[in-house]
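Visitor: give the three-dimensional model of this entry:
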Amino acid sequence: YEARVKERARRASPITHASNLRTPLLVLHGEADIDVPFVQIGPFVEAARKSKHAGAAVTFVTYPGEGHGMSGTAAQKDVLQKIKDFLRINLKPWDFTDNPHGELTSY
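Guide: This is a model prediction of the structure:
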C-alpha cells in the first residue's frame, strides 16, 4: 500500500477498534470462508475479548466446511438459533403493555 492508503485501511479495519468493544458481540464464521479469510477472525476475536468494558462479551462460533454464507442445512439451523438466542438474551425485552396484539408479533 501507499503510506496514506495503508493508514486509512488501518483506521477502517475492525481489528483496530476491537478492543474498544462495549456491547455483546456474536461472531459466526465459516472455516472455509474465502471472502473474509478464517485466519483473520481469530486475531479480531482475541482483540475484542481484551475489551475492559463491563458490557463487552464475545460469543465466537465456527462452522467447519462452511463458507461466507452458511449453505449446509444443519449450519443454517444452528446459525438462526444462535442469533435468536443472542438477541433474546442481549436485547431489552419487548414491552407489550401498549400493544394488545403483541403476542401475535413476538418471536
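
Visitor: ok, now which ones touch the residue nearest to L25 when sequence neighbours are not counted?
Guide: For L25, ignoring the flanking residues on the chain, the nearest one in space by C-beta to C-beta, 6 or more residues apart in numbering is V58 at 5.1 Å. No exception for glycine: its C-beta is placed from N, CA and C like everyone else's. With contact set as C-beta atoms under 8 Å, 6 or more residues apart in numbering, V58 has these partners: 21, 24-25, 27, 45, 48-49.

Visitor: cool, and K50?
Guide: By C-beta under 8 Å, 6+ apart, the contact set of K50 is 18-19.

Visitor: likewise for the one 3 residues further on?
Guide: Contact partners of H53, counting by C-beta under 8 Å, 6+ apart, are 20-22.

Visitor: go on, Q40?
Guide: I15.

Visitor: check what pLDDT it gets.
Guide: According to the predicted model, the pLDDT of Q40 comes to 92.

Visitor: pLDDT weak spots in this structure?
Guide: Residues of the chain that meet the criterion pLDDT under 70 lie in 1, 92-107.

Visitor: which parts of it are strands?
Guide: 24-30, 57-63 (DSSP state E).

Visitor: so which of those is the most surrounded?
Guide: strand 24-30 (a mean of 18; mean count of other C-beta atoms under 10 Å).

Visitor: for that one, name the packing helices and strands.
Guide: Helices and strands in packing contact with strand 24-30 are listed as helix 38-49, strand 57-63, helix 73-90; criterion 3 or more C-beta pairs under 8 Å, 6 or more residues apart in numbering; DSSP states H and E.
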